[in-house]
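Trainee: please work out how this folds:
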Amino acid sequence: MNYFSETLLVAGKLIITFDPEIYQIVFTSLKISLIATVCASSLGVLLGLWIAIHEFVGKRFLQHLLNTLMAMPTVMIGLIFYGLLSRRGLFGNLGLLYSDKAIIIAEISLILPIIINLTLTAVQTADKRLFITLKLLGAKPYQQITPLLKELKLMILAAIITAFGRAIGEVGAAMMLGGNIQGTTRTMTTAIALETSKGEFERGLALGLLLLLIAFSINYALHILKPLHK
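Mentor: Numbers count the residues shown, from 1 in each chain. The predicted structure follows:
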């Protein structure tokens, strides 16, 4: 049996025996990512709908900006917030650096453009007859939000699931802002980097397998949603 096979068996054993340290890290990752996704979705969906409904100067530029922000490297987000949250930064007195709150803030900033942009795209690709009907009924822009949410709920949910997948796989900003503190800010991605650097490949692989399982579940959920939307 080669080295990788042996390591895989040990990693599998850590997973099926519910190693407390492994699952503490998984719980921390899920908690941080879920909070960030809920916060970003609450704001991002409404902003996406508002931008789609209204016509204003600079709308096309804003869409290009959102596309750019979707591709922003996570280390860049980490660098920006490190400067803002460090002791000499603008918000240094809040003491947020190296806390789970700092990672949540970074992940919100990371996935907010994704949710806004995907919501905006969902509205733009919706049946044009919906907008005509709403206007004929005399619905004002803010009154169009609820019907649009009902009509596009599956596409918006898909946007939120996509954003969650992006958040839970984030590593750069989490490492820079969280400090990889055990039991507090150590997420699956930062733990994988740490365990591998320590030579604890088995633990890193176990976490990688669990992260892969979560990613598979997210993609499977999206796969189920697509035919439902049709």
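Trainee: for this structure, name the helix or strand with the lowest mean pLDDT.
Mentor: helix 128-136 (a mean of 74; mean pLDDT, DSSP states H and E).
Trainee: in it, what's buried?
Mentor: By neighbour count, with 16 or more other C-beta atoms under 10 Å as the criterion, the buried positions of helix 128-136 are 131, 134. For every residue, glycine as well, the C-beta is placed using N, CA and C.
Trainee: what's the average pLDDT for the helix or strand just after it?
Mentor: Tracing the chain C-terminally past helix 128-136 and defining elements by DSSP states H and E, one meets helix 145-151 next. Taken as a whole, helix 145-151 carries a mean pLDDT of 81.
Trainee: if we look at helix 145-151, which residues are touching it?
Mentor: With contacts defined as C-beta atoms under 8 Å, 6 or more residues apart in numbering, helix 145-151 is touched by 45-46, 49-50, 52-53, 123, 126-127, 130, 134, 139, 156.
Trainee: which one of those residues is nearest to residue 107?
Mentor: residue 45 (16.5 Å; C-beta to C-beta).
Trainee: relative to residue 114, how far out is the closest one?
Mentor: Distance of residue 45 to residue 114, given as C-beta to C-beta, to the nearest Å: 11 Å.
Trainee: who touches both of those two?
Mentor: Between them, residue 45 and residue 114 share the neighbouring residues residue 159, with contact defined by C-beta under 8 Å, 6+ apart.
Trainee: what element comes up after the helix ranked longest in the chain heading to the C-terminus?
Mentor: Among the segments of the chain that qualify as a helix by DSSP state H, the longest is helix 20-53. Note on helix 20-53: by DSSP H and E, the next helix or strand toward the C-terminus is helix 59-70.
Trainee: list of residues touching that next one?
Mentor: Contacts to helix 59-70, defined as C-beta under 8 Å, 6+ apart, come from residues 51, 113-114, 116-117, 120.
Trainee: what packs against the helix or strand following it?
Mentor: Using DSSP H and E, the helix or strand that directly follows helix 59-70 along the chain is helix 74-85. Under the contact criterion of 3 or more C-beta pairs under 8 Å, 6 or more residues apart in numbering; DSSP states H and E, helix 74-85 touches helix 100-124, helix 172-178.
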